[in-house]
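**Student:** have a look at this prediction, sequence included:
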Amino acid sequence: MPAAARGGPGRETGAARRPSGAGAWFLVALGAGLTLLLVAMPLVLIFAQALRRGWGAYLTAVAEPDTLSAIGLTVLVVLVTVPLNMLFGLAAAWALAKFRFRGKRLLTTLIELPFSVSPIVAGVIYVLLYGAQGYLGPWLAEWDIRIIFSIPGIILVTMFVTSPLVVREILPLMQAQGTDEEESAHILGASAWQMFRRVTLPNIKWALLYGTILCTARAVGEFGSVSVVSGNVRGETNTLPLQIELLYNDYNAVGAFAAATILAMLSLVTLVVKAIVERRAAAAR
Amino acid sequence: MRRSPHVLPGFALAMGCTLFYLSLIVLLPLGALVAKATATGWTEFVAIVTGPRAVSSYRVTVTAALAATAFNAGFGLLMAWILVRYRFPGRRILDAMMDLPFALPTAVAGIALTTLFARNGWLGQFLEPAGIKVAYAWPGIAVAMAFTSVPFVVRTVQPVLEDLDAEVEEAATVLGATAFQRFHRVILPAILPALVAGCALAFARSLGEFGAVIFIAGNMPNVTEITALLVFIRLEEFDYPAAASIASVVLLASFAILLATNMLQAWQGRHAGRG
């Protein structure tokens, strides 16, 4: 989620009050009505469509072999992508927050670059690099390494798309906390690892958790870029979102929406964790 | 470099990891796009990116993104306003709902919106007899873009509205300003930079949106085909120069908007600092 998107509930302002007067109630009703219609209704519809033919059909659809293998591939993508992005996020935030050096702004811009790249473009650049006609294609073919239309390609584009998410959550916090605590630990003789584990990590654990969950949710749900590099081989290179597309295009609405409920529930979990993290951050203030 | 002037350890390791990962995952592939688009040659590049099908796709994408952004400017401002200013039952849930479009995978949003607005869908069954065709038509593209980009406006305006000094408004009220005058003369000028920045982010996101749009768009070449889909099709045809050229147009457009937004936010920062 972009830095601009950290409003967050719970902050009280002097001007906040119960709506008074017809105008205020009208605004609240209009906002709530539009949200129900445009945001809540699509969510409800996912579950309604998935359960249209009852629980039996729903469970059969979820347990369908191709869907299960799509879930398996998606889990594999997450298991590779998320830890690497966590390490990258921690390293980048450590360098950016705790040290002064030239080119800091440029580095920050480069780290955030993937946010402004369309998913399709993200897929295209990987095909241009690793595809059969791409720059490294002939060399990879010589070594019999397949990246595009295969699992490594899916993992790489997912890493590209999700790479700024962890940094973005922990960097502002680490910058705000400064270097005093770490410097004290260092001077008192703590090793680098002890300092990180005992001082830095406890300070950022909630932001790190939230960043990791955002990264996981995005890695699970990424569609556009993965769709470019996957080649859509049933039961082999289909992640869960691609499997949903495939089922939907096969007019298998129950199957598509049943698979979609898994992703929808994951996004609801993300929202709940966000609320908890924000409440803790507000309590810490 | 001379001996590190830093007190804390780990700079070289952290910086090394960061640069290595960034180069491998982000810079190298982006370089491939630049190289491919450059290698295409200027005349061919221009011929590709100004071809009739490409130009139609820009028109469809930009007009739908503009419509979605215009809607979100109003809807997003309304939501930010009621969430910050009023305390009412269900406010927390409404606030959390504003993040759903970010959290929900785009393909899931795409099939849900399409089913919602299809002829026999929950909303489509009322709209189509009234002559409003949303799914498999241009309005559907705008609806999908509006859905996926509304949090940008809400979450950009919300903090600024929270920080707004209530006293200025009270002063305006005491001096006899009507509700409309208070909004128009006091509140709007203060939140305008944030609103514009939020809209720019929403617009940029809409331009690049793929997953939510392709299900609902109908995808008729020259009519309801967005630029991102045209790139995808060119790639599937193994027409790499065309895919790279059009993709670089998409990339340049989003960079231009990003740059403009950053400049605007820097200006907003100075503006706020002065006040």
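**Tutor:** That came in fine, so what should we check first?
**Student:** burial count for residue A:210?
**Tutor:** Around residue A:210 there are 23 other residues, counting by other Cβ atoms under 10 Å in any protein chain shown. To be clear about C-beta, it is placed using only N, CA and C from the backbone, and glycine gets the same treatment.
**Student:** and it, that's in a helix?
**Tutor:** Yes. Using DSSP: H, G, I helix; E, B strand; the rest coil, the assignment for residue A:210 is a helix.
**Student:** quick check: longest helix of chain A.
**Tutor:** For chain A, the helix with the greatest residue count under DSSP state H is helix A:65-98.
**Student:** neighbouring contacts of stretch A:78-90?
**Tutor:** A:155, A:158-159, A:162-163, A:165-167, A:169-170, A:208, A:211-212, A:215-216, A:219-220, B:14, B:17-18, B:21-22 (Cβ atoms under 8 Å, 6 or more residues apart in numbering or on different chains).
**Student:** list the buried ones in that stretch?
**Tutor:** A:78, A:80, A:81, A:82, A:84, A:85, A:86, A:88, A:89, A:90 (16 or more other Cβ atoms under 10 Å in any protein chain shown).
**Student:** what do you get for stretch A:28-36?
**Tutor:** So for stretch A:28-36, counting by 16+ other Cβ under 10 Å, buried means A:28, A:31, A:32, A:34, A:35.
**Student:** filter these down to the ones in strands?
**Tutor:** Assignment to strands by DSSP state E places none of the buried residues of stretch A:28-36 there.
**Student:** quick check on the closest residue to chain B within the stretch 51-200 of chain A: phi, psi?
**Tutor:** Chain B sits closest to residue A:118 of the stretch 51-200 of chain A, with a gap of 2.8 Å, by Cβ to the nearest Cβ. Main-chain dihedrals, residue A:118, degrees, to the nearest 10: phi -60, psi 140.
**Student:** and it, what does it touch?
**Tutor:** A:224, B:207, B:208, B:209, B:210, B:228, B:247, B:250, B:251, B:254.
**Student:** and it, how far from residue A:228?
**Tutor:** Distance of residue A:118 to residue A:228, computed by Cβ to Cβ, to the nearest Å: 11 Å.
**Student:** in stretch B:86-103, what counts as buried?
**Tutor:** For stretch B:86-103, a neighbour-count test (16+ other Cβ under 10 Å) marks B:86, B:88, B:91, B:94-103 as buried.
**Student:** any idea which of those residues is closest to residue B:119?
**Tutor:** residue B:101 (24.3 Å; Cβ to Cβ).
**Student:** wasn't the closest one part of a helix?
**Tutor:** Yes. Judged by three-state DSSP, residue B:101 forms part of a helix.
**Student:** does it touch residue B:109 like I think?
**Tutor:** Yes. Contact criterion Cβ atoms under 8 Å: residue B:101 and residue B:109 qualify, at 6.8 Å.
**Student:** burial count for residue B:222?
**Tutor:** 12.
**Student:** what's the pLDDT at it?
**Tutor:** For residue B:222, the pLDDT comes out at 88.
**Student:** that one: what secondary structure?
**Tutor:** coil.
**Student:** ok, the nearest residue to it once chain neighbours are set aside to residue B:225 distance?
**Tutor:** Nearest in space to residue B:222, with sequence neighbours left out and distances taken as Cβ to Cβ, 6 or more residues apart in numbering or on different chains, is residue B:56 at 4.2 Å. Distance of residue B:56 to residue B:225, given as Cβ to Cβ: 7 Å.
**Student:** quick check on the two: which one has the bigger neighbour count.
**Tutor:** The neighbour comparison of residue B:56 against residue B:225 (other Cβ under 10 Å) goes to residue B:225, with 22 against 18.
**Student:** contacting residues for the more buried one?
**Tutor:** Residues near residue B:225 by Cβ under 8 Å, 6+ apart: B:53, B:56, B:57, B:60, B:217, B:219.
**Student:** report the two of those residues separated the most.
**Tutor:** It's B:53 and B:217 that sit farthest apart of these, by Cβ to Cβ, at 14.7 Å.
**Student:** who has more neighbours, those two?
**Tutor:** residue B:217 (24 against 14).
**Student:** tell me where the model's unsure across the stretch 101-250 of chain B.
**Tutor:** Along the stretch 101-250 of chain B, the model assigns pLDDT under 70 to no residue.
**Student:** does residue B:27 touch residue A:110 like I think?
**Tutor:** Yes. Residue B:27 is within contact range of residue A:110, at 7.1 Å (criterion: Cβ under 8 Å).
**Student:** settle it for me: which of these two has more neighbours?
**Tutor:** In this view residue B:27 and residue A:110 are compared by other Cβ under 10 Å, and residue A:110 has more residues nearby, 19 against 13.
**Student:** grab the nearest non-local neighbour of that one.
**Tutor:** Using Cβ to Cβ, 6+ apart, the nearest residue to residue A:110 is residue B:22, at 6.0 Å.
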